[in-house]
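[1] Any chance you can model this:
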Amino acid sequence: QETSVEAAVSATLAALVTNEFNTFANFFHDDARGFFVDGSRMIEGLSALAFRAAYLAGLRTNVAMRDLNVRVYGNTAVSGALFGGSVTLPGGAVREGTWRYSDTRVLEEGTWKIIQYHISQL
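    Residues are numbered from 1 along each chain as shown. The predicted model follows:
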């Protein structure tokens, strides 16, 4: 199962980088929550519309993942990795560097969906 979680993590990042709004949002559980690279308060929920709105406001990502580590516990998985590159936030501020990334996913209807995530500067 770790291989299928690794594939889900990679596919989530690929959808983010290529702005595939619906695919990206499909990897998030309805109750997902987490922290993004901008250091803002916890984000509750994620939808394709919210992602598209952020994109239209200037969100761009150019990141690559390394050192992915996955552990599966039944229908729950915990992942950690490093992301490197740049993120342009809505409004134009650019953040470059390396970020720690972690998520917790639950298996729902055959898809490993994010229920909790955290992204912070290394």
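
[2] The helix or strand of the chain with the lowest mean pLDDT - contacts with which helices or strands?
    Using mean pLDDT, DSSP states H and E, the weakest-scoring helix or strand in the chain turns out to be strand 43-44, at a mean of 84. Here strand 43-44 touches strand 28-35, going by 3 or more CB pairs under 8 Å, 6 or more residues apart in numbering; DSSP states H and E. The way it works is simple: take the backbone N, C-alpha and C, and place the C-beta from them, glycine included.

[3] what's next to the strand it packs on, contact-wise?
    42-46, 103, 106, 108, 113-120 (CB atoms under 8 Å, 6 or more residues apart in numbering).

[4] out of these, who's nearest residue 9?
    Of all the contacts of strand 28-35, residue 9 sits closest to residue 103, with 7.3 Å by CB to CB.

[5] where do the helices sit along this structure?
    For the chain, applying DSSP state H gives helices covering 2-17, 21-26, 48-56.

[6] Report the buried residues of the first one.
    Residues 5-6, 8-9, 11-13, 15-17 are the ones in helix 2-17 that count as buried (16 or more other CB atoms under 10 Å).

[7] got it, and the second one?
    Judged by neighbour count (16+ other CB under 10 Å), helix 21-26 contains these buried residues: 21, 23-25.

[8] Identify, from those residues, the entry nearest to residue 97.
    residue 24 (21.8 Å).

[9] Please report how far that closest one lies from residue 117.
    Going from residue 24 to residue 117 by CB to CB, to the nearest Å gives 12 Å.

[10] related to what we said a few turns ago, grab the two from the buried residues of helix 2-17 that are most spread out in space.
    Between any two of the buried residues of helix 2-17 (CB to CB), the greatest distance is 19.0 Å, for 5 and 17.

[11] Residue 100 - nearest residue in space that isn't next to it in sequence?
    The shortest distance from residue 100 to any non-neighbouring residue, by CB to CB, 6 or more residues apart in numbering, is to residue 120 (5.3 Å).

[12] most distant residue from the middle of this structure?
    What lies farthest from the middle of the chain is residue 74; by CA atoms, centre = their mean that is 21.4 Å.

[13] Cheers, nothing more for now.
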